[in-house]
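Chemist: fold the following.
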Amino acid sequence: MHSWNGILSTCDEIEELLRTAAPGADTQKLREVRTLALRMSGRDSYITDQANKLASRAAIYFSERRHQAEQGGAEGVMREMRYSLLRAIRDQAKLREQGTT
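Modeler: Numbering: from 1, shown residues only. I've put the predicted structure just below:
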């Protein structure tokens, strides 16, 4: 299990991967995002849920064409991953960290 700071650091790693990502088939980036998302799972059910959603959305973004059928297209999927899901995970980790100090 990761510390709350470790979860925040993992979010930063995912953010960096996504920052340079392009929509389309990319099994290497998908594997990296899934591995990092899994690393955040287990300590908090909300974070686990959001990390699972992130991995699921990454599978759509890094597919050959599935992102095209999503609302907002690839840009919408990316926006959800970077600005909704990662923010939710970070906020929860910060909240939990404050509760343990």
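Chemist: helix or strand for Ile14, which one?
Modeler: helix 4-19 (DSSP states H and E).
Chemist: can you list the buried residues in that helix?
Modeler: Using 16 or more other C-beta atoms under 10 Å as the test for burial, helix 4-19 gives 4, 7-8, 10-11, 14, 17-18. Any C-beta I mention is one placed from the backbone N, CA and C, and that applies to glycine too.
Chemist: of those residues, just say which sits nearest to Arg96.
Modeler: Trp4 (5.5 Å; C-beta to C-beta).
Chemist: not counting sequence-adjacent ones, nearest residue to the closest one?
Modeler: Leaving aside its chain neighbours, Trp4 sits nearest to Glu97 (3.7 Å; criterion: C-beta to C-beta, 6 or more residues apart in numbering).
Chemist: thinking again about what came up before, what sits up against the helix holding Ile14?
Modeler: Here helix 4-19 makes contact (C-beta atoms under 8 Å, 6 or more residues apart in numbering) with 2, 29, 32-33, 36-37, 39-40, 43, 47, 54, 78, 81-82, 86, 89-90, 93-94, 96-97, 100.
Chemist: for the protein, what spans make up the helices?
Modeler: 4-19, 27-40, 45-61, 73-79, 86-99 (DSSP state H).
Chemist: so which elements touch the longest one?
Modeler: Right, helix 45-61. Packed against helix 45-61 by the contact rule (3 or more C-beta pairs under 8 Å, 6 or more residues apart in numbering; DSSP states H and E) you find helix 27-40, helix 73-79, helix 86-99.
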